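Peer 1: Quick one, fold the following:
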Amino acid sequence: MSETISQEWIAEQRAYNYHRTPERRIQTVEEARAFVEEVGFCHFWPIKDVETPNLFHAIAGRVRPVPMEHDDPDISKCWGWKDQSLGKKWWYYGKLLRRRATLVSLDLLPTLYACSENYGDLNGYLQEYRAGMLTAEAKQIYEALLTHGPLDTIRLRREARMSAESAKSRFERALVELQVGLKVLPIGVARAGAWRYAFIYEIVQRHFPDLPEQARHIKRSEARRTLLLQYLDNVVAADRKMISKVFHVLKWTPTELDRTIATLLREDKIREVQVKGVKHSQLVSTRALERGL
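Peer 2: This next block holds a predicted model:
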């Protein structure tokens, strides 16, 4: 193995892993499902200055800006397959990493859930609220769903007593807070509101009733190891700053991240190498090194 790798080699590996080539571009919904299974987790759209795979570029088969035209064929597939998937348990979809729309394979979902603050029962949110870890607005939204079952965004605002225009931004922030905490997720689309398009939300534990038990026996240290290794297998190379940025919502401490990296280095699952033209060393997937060098 060479101790130094090139940025061009990393780019080639990422293009392959992200399906950003004409030969590997995603053309069917079945291929989209397989892509999410393959990468474990990805963003829905490309996120500026964040290194992760995303579904839109995989559908396009290349790097391209997200167009504004709704009739763009890549946009149509992306939106259409996402809406088609809601409620079907093909994957987890919701705002998560970087508080942006994220897709997670069902195999990896318990690992992410193990990193959350959920206590494994529907009323666990009260402990978080009392500890100051859940806002009052998020509590109101969660309790509206708990009481009434799945609700579209319009009715959810009403039942959470946040239908006033002045409460709109607080409602939206709280809804993202609940998604990041793996407490609620969209499960469908209703023809409601001015645009006749509104997500229907449900409590994660009710939509995935086996999830708490699946996650119960996963230690947080093992969950961090699994997620970090999957991430580096996908992106090939990253520094500690990028890793912290991608997993920021999971609230890993610097010590926890350092221990996880040390474990993977000791197991030779990842290696620390120099990249030509990059000042700081990078953490690189051993699997990628062995496959490509």
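
Peer 1: Could you break the chain into its assigned domains?
Peer 2: Listed domain ranges for the chain are 4-107+228-292, 119-215 (source: automatic domain parsing).

Peer 1: Between the two ends of the last one, what distance do you get?
Peer 2: Spelled out, that is domain 119-215. 10 Å (Cα to Cα, to the nearest Å).

Peer 1: got it, and stretch 43-53?
Peer 2: 6 Å.

Peer 1: Give the buried residues for that stretch.
Peer 2: Neighbour-count burial for stretch 43-53, counted by 16 or more other Cβ atoms under 10 Å, picks out 43, 44, 46, 47, 51, 52, 53. In short, each C-beta sits where N, CA and C put it, glycine included.

Peer 1: Report the contact partners of the last one.
Peer 2: Listed by Cβ atoms under 8 Å, 6 or more residues apart in numbering, the contact set of residue 53 reads 17, 18, 19, 35, 39, 42, 43, 234, 235.

Peer 1: how close does it sit to residue 67?
Peer 2: For residue 53, the distance to residue 67 equals 19 Å [Cβ to Cβ, to the nearest Å].

Peer 1: Kindly report the same for the fourth one.
Peer 2: From residue 47 over to residue 67 the distance is 17 Å, taken as Cβ to Cβ.

Peer 1: And the first one, by the same measure?
Peer 2: Taking Cβ to Cβ as the criterion, residue 43 is separated from residue 67 by 17 Å.

Peer 1: What of the second one?
Peer 2: Relative to residue 67, residue 44 is positioned 15 Å away (Cβ to Cβ).

Peer 1: before we move on, what about residue 139?
Peer 2: Taken as Cβ to Cβ, the span from residue 139 to residue 67 is 39 Å.

Peer 1: Please say which of these two ends up with more neighbours.
Peer 2: residue 139 (17 against 13; other Cβ atoms under 10 Å).

Peer 1: ok, and the closest non-adjacent residue to that one?
Peer 2: Distance criterion Cβ to Cβ, 6 or more residues apart in numbering; nearest residue to residue 139, sequence neighbours excluded, is residue 129 at 5.1 Å.

Peer 1: Next, count neighbours for that neighbour.
Peer 2: 16.

Peer 1: How about residue 59?
Peer 2: Neighbours around residue 59, by other Cβ under 10 Å: 22.

Peer 1: pLDDT at it, what is it?
Peer 2: pLDDT, residue 59: 98.

Peer 1: got it, and residue 247?
Peer 2: 98.

Peer 1: State the phi and psi torsions of it.
Peer 2: phi -100, psi 20 (degrees, to the nearest 10).

Peer 1: My guess is it contacts residue 226. True?
Peer 2: No: using Cβ atoms under 8 Å as the test, residue 247 is too far from residue 226 to be in contact (11.9 Å).

Peer 1: distance between stretch 232-241 and the chain's centre?
Peer 2: Distance of stretch 232-241 from the chain centroid (Cα atoms, centre = their mean, to the nearest Å) equals 16 Å.

Peer 1: Also stretch 193-200?
Peer 2: With Cα atoms, centre = their mean as the basis, the mean position of stretch 193-200 lies at 23 Å from the chain mean.

Peer 1: What's the end-to-end length of that stretch?
Peer 2: Termini of stretch 193-200 sit 12 Å apart (Cα to Cα).
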